[in-house]
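> give me a model of this one.
(2 chains)
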Protein chains: 2
Amino acid sequence: MTTRSLSLLAGTAALLAFTSSSARADEGMWTFDGFPRAKMEADYGWAPDQAWLDKVRNAAVRLTGGCSASFVSGNGLILTNHHCVASCLFDNSTGEDDLLDHGFIAARLSDEKKCPGQQAEVVTKVIDVTGDVKKAIGSLAGEALTKARDARIAEIEAGNCTDRETTRCQVVTLFGGGQYKLYTYRKYSDVRLVWAPEDRAATFGGDPDNFNYPRYSLDGSFLRAYENGKPVRTPNHLKWNPRGPEEGEVTFVVGNPGSTSRLYTQSQLAFEREVRLPAIVTTYSELRGRLIRAMQESPEHEREGLDMLNGVENSLKVYIGRMNALNDPAFTGKLAAAEADLKARSAGKAGIGDPWSDMDKAVQAYRKLYFASRSIAPSGDLYHYARTLVMGAAERAKPNAERLPGYTDSALPLTEKRLLDAAPVYSWLDELRLGWSLSKAREYLGVDDPDTRLLLGKESPEGLAQRLVSGTKLADPAYRKQLWDGGEAAIAASDDPMIVYARKLEARQRELEKQVDEAYAGPATAAAAKLTDARFAAYGDTIYPDATFTLRISYGKVAGWSERGRPVPFQTVIGGTFDRATGAPPFDVAPAFAAKEKQIDKAVTYDFVSTNDIIGGNSGSPVIDKAGTVIGAAFDGNIHSLGGNYGYDPVLNRTVTVSAAALQEALETIYPSPRLVRELAGK
Amino acid sequence: MTTRSLSLLAGTAALLAFTSSSARADEGMWTFDGFPRAKMEADYGWAPDQAWLDKVRNAAVRLTGGCSASFVSGNGLILTNHHCVASCLFDNSTGEDDLLDHGFIAARLSDEKKCPGQQAEVVTKVIDVTGDVKKAIGSLAGEALTKARDARIAEIEAGNCTDRETTRCQVVTLFGGGQYKLYTYRKYSDVRLVWAPEDRAATFGGDPDNFNYPRYSLDGSFLRAYENGKPVRTPNHLKWNPRGPEEGEVTFVVGNPGSTSRLYTQSQLAFEREVRLPAIVTTYSELRGRLIRAMQESPEHEREGLDMLNGVENSLKVYIGRMNALNDPAFTGKLAAAEADLKARSAGKAGIGDPWSDMDKAVQAYRKLYFASRSIAPSGDLYHYARTLVMGAAERAKPNAERLPGYTDSALPLTEKRLLDAAPVYSWLDELRLGWSLSKAREYLGVDDPDTRLLLGKESPEGLAQRLVSGTKLADPAYRKQLWDGGEAAIAASDDPMIVYARKLEARQRELEKQVDEAYAGPATAAAAKLTDARFAAYGDTIYPDATFTLRISYGKVAGWSERGRPVPFQTVIGGTFDRATGAPPFDVAPAFAAKEKQIDKAVTYDFVSTNDIIGGNSGSPVIDKAGTVIGAAFDGNIHSLGGNYGYDPVLNRTVTVSAAALQEALETIYPSPRLVRELAGK
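Numbering: from 1, shown residues only, chains lettered A, B, ... in the order given. Predicted structure coming up:
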């Protein structure tokens, strides 16, 4: 997800439908087992049947890098966004061959390139385990609750996925603790790069146009799932349909929205507005500034810093949008009204009690721990490797049910893959991130705080970062493997400065995690379970859980909207790029576009908008028509969708999609790949 | 003003006394003609008489750089803070001789160095002109109101200061438009540097310790006022008293608090919290990041960027503190209660009406103009020179009463001095600031906004900044003088790219200023006048106006406070520096401290705190005892004082002062100046 800052002054919404009450209009990130067929039928005069839903579900792919995707051929071909493969392009680039800049076309199968840390996953089964987990929790509270819950989850996951080479089991907490479901995935841990346009074609308009619309972005790419060195057979795939959208036609977005906070109580929202968002926006803005300047220092820095700057700027735009939404009394007034409505409807119902007060108490306690728990975990790839090694050594020595969530039997394969896959580390960049995070820790905790002293000792943030980054050998995957395999003894014996540093922080990190579980996570889980009961009691099954980076389906239609009285069109055409271009980055036309301007069919639909309800994590999701064919890949929301973290506005929120028609034009004319054109045509 | 971020979570206040109601405890930045003698007498059993007040007033100095000060000898010697002379040290430095780093001691009178742009001013007369200005305003509204007001002010100022070489007349708007007073100043436009310690001695603990206490900072320096090349005779000066403070003794702070917003209505506060503060904090944080990184690039950049980084970090801490205060419901609850009290007490009183609604309407209108008016004025010294030249040429061609405020006959001498004084411009730094401000303008207005197009045309922010900064000749004071003297014809004929750019923006800047006057400034002035009437009707004369960078006096006492149950001592001693030092910047001991550690009397009082009510602009203010002698120079507030912009908290707000005793120890032992020691002793 990357929408435009039309203006911070723009009112967020005239009409809002929020999920504390039952979903209205096209709102909803529905689970497949909870699809509101009756409601859609009532609104659209048509709704998909179970076979349609099953077929689509079987072709939906989750990418562990944080994106969504879909199979679009029988040979494991995956459609997703360019920005979802940017890290892979980046990791496969060198100073001589900058794939992010130039794009990538694998002429033959054997040219396709592995993506470090990337894994593709397809849901094969969903089982409700709410009763099982709630029974394990019983009447426990605080940290005892989170421990019992996590232990039971680890057992369920381990017991259901004995083949951890090809399957992954994950118990998902829905409604913040109201439901637990076991998702089983078929996983493909060898994912390769097939086709990607030039970065400028995908990011035309750059950060200024991010979350902006009308938009001119070719934010699409193709990957392929492999197993045993061969492309995976994927008979369950979606049919590629390179046509432009019709205004008003029904669209579905199937993917994995990462996280929403639509069920937050007023006190959770107050914490966001008053504490968390301001701190994130402030500190990330400084990081952005440090990066922008560092990238101006040399062509190497510019190339090596780009992927991270894109990520930071995207996050920043999201957080600023959320902060603006929560600073808009019209918007927050609706959220307060929704809570009041739920309270009124559930008043006096047996067993519900006052979960709002319980949540408030938990949040008040968390306010006292927040900056410490945030600050005790410094940034940077190298430190994160060290932390995984140190924590992992200790955790793996424990029985499965007693481990921290990332180190259970079911979670270990992905943790290990992320730790051991070879990926470049740029030491100036890692040092910049580590130094920045340490200096922000000192700023927010204060110079005299014991945690600041633990983090810095007598060193300066910059001096410490320099010493650790220049002294560690953790950039070498073989060295990481050796320490991982060596377990606790190897960690204890290591004098690698980053390992020594991670060891020094470990006890305090565990202590803080325990305190947060006891004071906040435990009580919040208990309160959320009761809030869920209250919601079902009040609104029946027309509600959906907050997003959890698990598979959801959203329905809606192709439609523009009205911006300050002016209509915004439902689609753009490729030729618009040339009109919008100024020649100055990021509004410079991608070189291949410039070179092929005469051959390009400028009338082809480029990007389009629909009312589907999505959020970050949905990037790369297939946009599917009534017939079940793919007509595009969702890659963004408009600027109004940023408040969507807290509530969906049917009048203004829009999903932005790159059309299959534009990708087809690119495959045929701009970045030609006859091989892919044939494969997508099913030939 | 530079207080520590103990933690963003710290509750702001247990007990608040706010000025919408009458001042309580030691609250108040009183005008000299409104000193609350009866109240102080009731609280302290003693209060100064008129002669005491007159004597002190005559020795108080305003520094046009934004600080306060006092005469402390008969030969024009001025006591202020080190951070108030930092720009002068910076402007007089070269790569070979870094005065900011090494400090400065003028061995002889002839070694004293001119401070560019700096002017010292002493109030000689204050006359109430409220009736006169209000008569000119009559029943006008909107822009007509501001025009009539400004015209009458220009006439009053011009008519009362015919000798503009040595006097300055300034009509000050108090209570946002409730009162107008004519201040006449004796001015000294030749101010020279006499003595300053090493930067590290003044800024020990750097940004992390800024607004922090206990503190170990030698934030004091001396200047001297000259006229006709000779030191000015200043028989009205304060007696230097290099003793440590006594706990509980009465202290006065006399200086020029810059600006407060204690009389803001709820809708003005909402605009601050929801719009203005988040935008400032976000954009300044990015600037901070760009600067931090740029300064790491070379020793030259580190030296050349330091003064600006210090300013940016100080402002940022202030704005973050304000944002935290307005995000603290306990704090804002008191502000809301104060407004409700005023409304209740003034309800039904004749002629008051509903100024709260009027102000709310004005603020709503301003919300629509804010980002445009903020963005249309890019940053950087070179652009500012160009803007002054372009605006100044047009304004000077008009009759005095029709000019914009900065270009009236009474304002011109200082505007001209600031424009024409020689000061170094570092082009990399100016380019960084200009590029940053243009990119933030695009971000907040949006790519497609007409003002963005006006600002950027088809260029990128960085490309435009580079072209303008590298092409302009405005860094040369002689060139600026030539354009200034050449007036409108010279400006129209100039092809200097920065002048061309400033010309391009001029019309839109004037249009926006007009719109802001019409929609906001005019209505807000009218509403503020009624709010002032309501306040006097409700609380009598126990109220004081918001700060306006004009002379005020605050009374209080030397006292620590209690921080989370632990007592904070009222003073520190010089020896504490050595205990707090870690060796790593900014906690490294200043070289002269290290070299002289054995000779230094470590038991001497270093810094101390008192309950005086101050804010930025008070920096350098003399701290005066009952006897009327100077016992220190105020240089900071504690972290709690940051909310002081909106309301004073007598329990927690503290002024931080460097003691005269510590400065004496420095003058005798650390940075010896026998000449100054004699002069201060009156020998």
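> can we go C-alpha only for contacts and neighbour counts from here?
Noted.
> contacts for stretch A:572-589 next, please.
The contact list for stretch A:572-589 (C-alpha atoms under 8 Å, 6 or more residues apart in numbering or on different chains) reads A:200-201, A:203-206, A:214-216, A:601-608, A:662, B:458-460.
> against which helices or strands is the helix or strand where A:Val609 lies packed?
Assigned by DSSP states H and E, A:Val609 belongs to strand A:605-610. Judged by 3 or more C-alpha pairs under 8 Å, 6 or more residues apart in numbering or on different chains; DSSP states H and E, strand A:605-610 is in contact with strand A:571-573, strand A:655-659, helix A:660-665.
> need the winner for burial among these.
Ranked by mean neighbour count under mean count of other C-alpha atoms under 10 Å in any protein chain shown, the helices and strands packed on strand A:605-610 are led by strand A:655-659, which reaches a mean of 31.
> now for that strand, which elements pack on it?
strand A:605-610, strand A:630-637.
> hmm, try it at 10 Å
Counting contacts by 3 or more C-alpha pairs under 10 Å, 6 or more residues apart in numbering or on different chains; DSSP states H and E, strand A:655-659 is packed against strand A:571-573, strand A:605-610, strand A:622-624, strand A:630-637.
> export those strands as CSV, with columns for distance to B:Tyr370 and mean pLDDT.
Listed next are those as CSV, based on distance: least, C-alpha to C-alpha, whole Å; pLDDT from 0 to 100:
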stretch, distance to B:Tyr370, mean pLDDT
strand A:571-573, 31, 98
strand A:605-610, 30, 98
strand A:622-624, 39, 98
strand A:630-637, 26, 98
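> need the winner for burial among these.
strand A:630-637 (a mean of 31).
> can I get it in CSV, CA atoms only?
The C-alpha trace of strand A:630-637 is given here as CSV (Å, rounded to 0.1, in the frame of the first residue of the first chain):
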residue,chain,number,x,y,z
VAL,A,630,-8.6,-11.6,-12.4
ILE,A,631,-8.9,-8.0,-13.8
GLY,A,632,-6.1,-6.4,-11.7
ALA,A,633,-3.9,-6.3,-8.6
ALA,A,634,-4.9,-4.0,-5.8
PHE,A,635,-1.9,-1.9,-4.7
ASP,A,636,-3.1,1.1,-2.7
GLY,A,637,-5.9,2.9,-1.0
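> ramachandran coordinates for whichever residue of the stretch 351-500 of chain A sits closest to chain B?
Closest approach of the stretch 351-500 of chain A to chain B (C-alpha to the nearest C-alpha) occurs at A:Gly446, with a separation of 4.7 Å. The phi/psi pair for A:Gly446 (degrees, to the nearest 10) reads phi 100, psi 150.
> before we move on, what about A:Ile600?
The phi/psi pair for A:Ile600 (degrees, to the nearest 10) is phi -70, psi 140.
> for the residue lying closest to it once chain neighbours are set aside, give me its contacts.
Nearest residue to A:Ile600, sequence neighbours excluded (C-alpha to C-alpha, 6 or more residues apart in numbering or on different chains): A:Thr669, at 6.6 Å. Each residue near A:Thr669 by C-alpha atoms under 10 Å, 6 or more residues apart in numbering or on different chains is listed here: A:592-593, A:596-597, A:599-601, A:663.
> just these now: which is nearest B:Gly131?
A:Phe593 (69.0 Å; C-alpha to C-alpha).
> excluding covalently adjacent residues, which one is nearest to the closest one?
Closest residue to A:Phe593 apart from its sequence neighbours, by C-alpha to C-alpha, 6+ apart: A:Ile670 at 6.5 Å.
> give me the neighbour count for A:Cys115.
Neighbour count for A:Cys115, taken as other C-alpha atoms under 10 Å in any protein chain shown: 25.
> which of the contacts of A:Thr669 lies closest to chain B?
Set against chain B, the nearest of the contacts of A:Thr669 by C-alpha to the nearest C-alpha is A:Phe593 (19.1 Å).
> surely the closest one touches A:Ala201?
Yes: taking C-alpha atoms under 10 Å as the definition, A:Phe593 is a contact partner of A:Ala201 at 7.8 Å.
> chain center to the strand holding A:Val609: distance?
22 Å (C-alpha atoms, centre = their mean, to the nearest Å).
> and the angle from that strand to strand A:630-637?
Angle, strand A:605-610 to strand A:630-637, by axes from the mean of the first three to the mean of the last three C-alpha atoms, to 10 degrees: 70 degrees.
> could you dump strand A:605-610 to PDB, C-alpha only?
Below are the C-alpha coordinates for strand A:605-610, written out as PDB (Å, rounded to 0.1, in the frame of the first residue of the first chain):
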ATOM      1  CA  THR A 605      -7.000   1.400 -18.700                       C
ATOM      2  CA  TYR A 606      -4.000   2.000 -16.300                       C
ATOM      3  CA  ASP A 607      -5.300   2.100 -12.700                       C
ATOM      4  CA  PHE A 608      -8.800   2.100 -11.400                       C
ATOM      5  CA  VAL A 609     -10.700   2.500  -8.100                       C
ATOM      6  CA  SER A 610     -13.400   0.500  -6.400                       C
END
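> sitting in helices, which of the contacts of stretch A:572-589 do you find?
A:200-201, A:206, A:662 (DSSP state H).
> of the residues you listed, list those near chain B.
Among those, no residue sits close to chain B (C-alpha under 10 Å from any C-alpha of the partner chain).
> farthest-separated two in the residues you listed?
Maximum pairwise distance in the ones in helices among the contacts of stretch A:572-589, criterion C-alpha to C-alpha, is 18.9 Å, between A:Gly206 and A:Ala662.
> what about the residue lying closest to A:Thr203 once chain neighbours are set aside, neighbour count?
Nearest non-adjacent residue to A:Thr203, counting by C-alpha to C-alpha, 6+ apart: A:Ser217, 6.1 Å away. A:Ser217 has 28 neighbours, counted by other C-alpha under 10 Å.
> more neighbours, A:Phe593 and A:Ala201?
The neighbour count for A:Phe593 versus A:Ala201, taken as other C-alpha under 10 Å, is higher for A:Ala201 (26 against 22).
> list the contacts for the more buried one?
A:82, A:101-103, A:216-220, A:577, A:588-593.
> can we see that at 8 Å?
Contacts here follow C-alpha under 8 Å, 6+ apart; on that basis A:Ala201 touches A:217-219, A:589-590, A:593.
> so where's chain A uncertain?
A:1-24 (pLDDT under 70).
> what about the spatially closest residue to A:Tyr216 that is not a sequence neighbour, distance to chain B?
Distance criterion C-alpha to C-alpha, 6+ apart; nearest residue to A:Tyr216, sequence neighbours excluded, is A:Thr577 at 5.7 Å. Using C-alpha to the nearest C-alpha, to the nearest Å, we find A:Thr577 at a distance of 14 Å from chain B.
> list the buried residues in the helix or strand harbouring A:Thr577.
Assessed by DSSP H and E, A:Thr577 sits inside helix A:576-580. With burial defined by 16 or more other C-alpha atoms under 10 Å in any protein chain shown, the residues of helix A:576-580 counted as buried are A:576-578, A:580.
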